[in-house]
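Enquirer: Quick one, fold the following:
(2 chains)
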Amino acid sequence: MPGPVVIATYELCKRYRGRTVVDRVSITVERGDVYGFLGPNGAGKSTTLRMLLGLVRPTAGRVELFGRPLGDRRVLARVGAIVEAPSLYGYLSGRDNLRMLSDLSGGAPAARLDEALDRVDLRDRADDPVRIYSHGMKQRLAIAAALLPRPELIILDEPTNGLDPMGIRDMRALVRSLAADDGITVLLSSHLLAEVEQVCNRAAIIARGARVWEGEVAGLLAGRRRVRLRARPLEAARGVARELGAEAREVEAGVLHVARDGTGGEITPATLVARLVAAGVEVDEIAEEAPTLEEVFMSLVAGAEPGADRTEAA
Amino acid sequence: MTFVRLLRWELFKLYRRPSSYIGFVLCLVFCAVTLFGFGWTQYKGREVQGLKLDPSQYLNGPFYANFVLNIAFFALLPLVVATVAGSQIAGEAKDGTLRALLVRPPSRVALYLAKALASLLWLELVILFLIALALLVGHVAYGGGDLLVYIWEFKTSGFWRVPASDWPLVFALCALGAGVSLAVVSAVAMMLSAMTDNPVVAHVGTLGGFFISTVLQRLPDQVMGSSFKELLPTTHMNFWHEIYRWADPSGDGMNRGRLVEDLAWCGSLTVVCFGIGLLIFVRRDVTS
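Expert: Predicted coordinates for the structure are as follows:
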């Protein structure tokens, strides 16, 4: 059952000098979601997030946060955000950055500052100037600043960009923990498909400024399962797949990927094996596998025209 | 409450940002170089504008401080104002920190006004520092006494003296006037800062405009007509020089009409530039 809507955009558009950067993007993020906003570089993710936060004015369409229009800035007290690179004052210490940014969001007692610094493992370095921090430390401090006002929603724009593998792992764990332990709704933009697959329960895919899909991440993958088949003769196997209303694509020598083509039913190894054996085809190897999100993404994006939304019912 | 909070943090950032101190360092350098320059040219032994005066009667602490204030007004202080105010928005846009401020509840209007006021307060602090330093250095080097006034615009009036009992008030009013006058430069810098993500554009644009206006204003009337000069901001920004005429012991020569007109001109220009900057800042997309 869907929760209350935290973010809703309606036909959001942004044009710069006649060039459409974001084209009629509508998304809905519900309370408790870890929502992935997925797209290649230059797809319009950051511009959309900036419109959500009031940094960029939409050319058309509207944004609601917690059911309120964006013009009501009080709503931003319930939001923590990191847009692109962490925005911190290099000449101030980590602690002063936190003090200032949290004060502008309504303030937090000193004990909470230490708590936030502990959470991102920066307590020992809190009094050093931020200019000598590594990128990962800056990212963690920005997360602490975003969390200090105890937001109900946190918006993270490419949070693992520039982090080392350990930092990426920690960041993903932190995002999961924000949702699971603190009940914070998370909107996470990323061009890393595996990241969304690992962390998010719902997602939207954006390409060339337009939303091409929105729904459950698990549903996106489950609906696109396929069968990997090594069989002889290959042409006969391909014919059987066609009879079942499936598409068979040779992905390497002697190996087919068999998947429904949208007209037939679900292809399972059991049904396929039965038909192959009946047709006299020798089966050397058969297994069901899920496509990677990357493959799904590419298939959606490849044919994406502005406004060509392929959203499936969640 | 939000505004006070914003103002406090804007002042805190200026206080902690190393580049904010360039103005103070320049004041020190300027005073030192001026002192050295006076000694180097044996200023004490020269006639000034053909007027034979015993230099020991006028080259004193007040004269030195007044000289520093007048030269700094068109050479040093605009630089300080342009760099501080010009960095307020464009600098933060360039560093990306503007995003961090704008995704929080305070409005853009409150943020802009806090930045503008912080710049003005910082400017007044620099002026206070410069005057205190110049008075200290001048008194240590040359001692006290009356203030001998010589102002470029009033050169036909020659020199006049302000008694030692009066010059502190005159000097304080002049310093205040200079601070008010430089608000124009601050407003222009803030306006340009709101238009760009590059603080250098705001710095150079402001200083370029100021110096062009100053040079044109100082050209002879035969070259640059006086009616045209009335359109130049710097013509009106010198309104505080009238205070010296008010203090002329031979008679109050202050042109009050002119003073009010110039003040109104500066005030209007300041409000208009701050206003345009505010409108731009409120409407602009933050893409940096």
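
Enquirer: The strand or helix carrying residue B:36 near chain A at all?
Expert: Using DSSP states H and E, residue B:36 sits within helix B:22-40. No: contact of helix B:22-40 with chain A (Cβ under 8 Å from any Cβ of the partner chain) is absent, the minimum separation being 13.6 Å. Bear in mind the C-beta positions are built from the backbone N, C-alpha and C, glycine included.

Enquirer: How about the residue in the stretch 151-300 of chain A that chain B sits nearest to: what's its closest non-neighbour residue?
Expert: Residue of the stretch 151-300 of chain A nearest chain B, by Cβ to the nearest Cβ: residue A:155 (8.2 Å). Leaving aside its chain neighbours, residue A:155 sits nearest to residue A:81 (4.2 Å; criterion: Cβ to Cβ, 6 or more residues apart in numbering or on different chains).

Enquirer: before we move on, back to that, partners of the residue of the stretch 151-300 of chain A closest to chain B in the sheet?
Expert: residue A:81, residue A:187 (DSSP bridges).

Enquirer: what residues are up against it?
Expert: Contacts for residue A:155 (Cβ atoms under 8 Å, 6 or more residues apart in numbering or on different chains) come out as A:49, A:52, A:53, A:79, A:80, A:81, A:82, A:83, A:186, A:187.

Enquirer: Now the buried members of the residues you listed.
Expert: A:49, A:52, A:53, A:79, A:80, A:81, A:82, A:83, A:186, A:187 (16 or more other Cβ atoms under 10 Å in any protein chain shown).

Enquirer: Within range of chain B, give me the residues from chain A.
Expert: Near chain B, when you scan chain A using Cβ under 8 Å from any Cβ, you find A:47, A:50, A:53-57, A:73-74, A:76-77, A:79, A:81, A:83-85, A:87-92, A:96, A:100-101, A:103-106, A:142, A:145.

Enquirer: any low-confidence regions in the chain?
Expert: Unless you meant another one, I'm taking chain A. Applying pLDDT under 70 to chain A flags residues A:1-3, A:222-223, A:261-266, A:292-294, A:297, A:301-314.

Enquirer: Please refer instead to chain B.
Expert: B:1, B:40-57, B:152-158, B:252.

Enquirer: before we move on, the earlier item: are any of the residues of chain A next to chain B buried, and if so which?
Expert: So, by 16+ other Cβ under 10 Å, the buried ones in the residues of chain A next to chain B are A:47, A:50, A:53-56, A:73, A:76-77, A:79, A:81, A:83-85, A:87-89, A:91-92, A:96, A:100-101, A:103-106, A:142, A:145.

Enquirer: Going by neighbour count, list what's buried in the helix or strand containing residue B:261.
Expert: Taking DSSP H and E as the definition, one finds residue B:261 inside helix B:256-283. For helix B:256-283, burial by neighbour count (16+ other Cβ under 10 Å) applies to B:259, B:262-263, B:265-266, B:269-270, B:273-274, B:276-278, B:280-281.

Enquirer: try stretch B:101-114
Expert: B:101, B:102, B:103, B:104, B:105, B:106, B:108, B:110, B:111, B:112, B:113, B:114.

Enquirer: and the residue nearest to the spatial centre of chain A, helix, strand or coil?
Expert: Of all residues in chain A, the one closest to the mean position by Cα atoms, centre = their mean is residue A:36, 2.0 Å from it. Judged by DSSP: H, G, I helix; E, B strand; the rest coil, the three-state class of residue A:36 is strand.

Enquirer: Do a quick rundown of the helices in the stretch 101-250 of chain A.
Expert: Along the stretch 101-250 of chain A, the segments classed as helices by DSSP state H, counting those that start in this stretch run A:110-119, A:135-147, A:165-180, A:193-199, A:217-222, A:234-243.

Enquirer: closest to residue A:255 out of those helices?
Expert: Among the helices of the stretch 101-250 of chain A, helix A:234-243 comes nearest to residue A:255, with 8.7 Å by Cβ to Cβ.

Enquirer: That closest one packs against which elements?
Expert: strand A:246-252, strand A:255-260, helix A:269-278 (3 or more Cβ pairs under 8 Å, 6 or more residues apart in numbering or on different chains; DSSP states H and E).

Enquirer: between the ones you listed, which gets nearest to residue B:141?
Expert: Short answer: strand A:246-252, nearest of the helices and strands packed on helix A:234-243 by Cβ to Cβ, at 88.3 Å.

Enquirer: quick one: that closest one to strand A:255-260, angle?
Expert: 160 degrees (axes from the mean of the first three to the mean of the last three Cα atoms, to 10 degrees).

Enquirer: Other residues contacting strand A:246-252?
Expert: A:229, A:234, A:237-238, A:241-242, A:256-261, A:264, A:267.

Enquirer: now swap in stretch A:52-68 and tell me
Expert: A:4-15, A:22, A:24-26, A:47, A:50-51, A:69-70, A:73, A:75-76, A:78-79, A:81, A:83, A:152-153, A:155, A:187, B:99, B:102-103, B:283, B:285-287.

Enquirer: Just the CA trace of that stretch, in PDB.
Expert: C-alpha atoms of stretch A:52-68 as PDB (Å, rounded to 0.1, in the frame of the first residue of the first chain):
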ATOM      1  CA  LEU A  52      13.000  20.100  -6.600                       C
ATOM      2  CA  LEU A  53      15.100  22.200  -4.200                       C
ATOM      3  CA  GLY A  54      14.300  25.600  -5.700                       C
ATOM      4  CA  LEU A  55      17.800  26.200  -7.100                       C
ATOM      5  CA  VAL A  56      16.500  26.200 -10.700                       C
ATOM      6  CA  ARG A  57      13.100  27.600 -11.700                       C
ATOM      7  CA  PRO A  58      11.000  25.300 -13.800                       C
ATOM      8  CA  THR A  59      10.000  26.600 -17.300                       C
ATOM      9  CA  ALA A  60       6.700  24.700 -16.900                       C
ATOM     10  CA  GLY A  61       5.200  22.200 -14.500                       C
ATOM     11  CA  ARG A  62       5.300  22.200 -10.700                       C
ATOM     12  CA  VAL A  63       6.900  20.600  -7.700                       C
ATOM     13  CA  GLU A  64       5.300  19.600  -4.400                       C
ATOM     14  CA  LEU A  65       7.300  18.600  -1.300                       C
ATOM     15  CA  PHE A  66       5.200  17.000   1.500                       C
ATOM     16  CA  GLY A  67       2.100  18.200  -0.400                       C
ATOM     17  CA  ARG A  68       3.200  21.800  -0.400                       C
END
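
Enquirer: got a list of what residue B:117 touches?
Expert: Here residue B:117 is in contact with B:7, B:10 (Cβ under 8 Å, 6+ apart).

Enquirer: Does it lie in a helix or a strand, and which?
Expert: helix B:108-142.

Enquirer: buried set for that helix?
Expert: B:108, B:110-120, B:122-127, B:130-131, B:133-135, B:137-139, B:142.

Enquirer: Cool, thanks, talk later.
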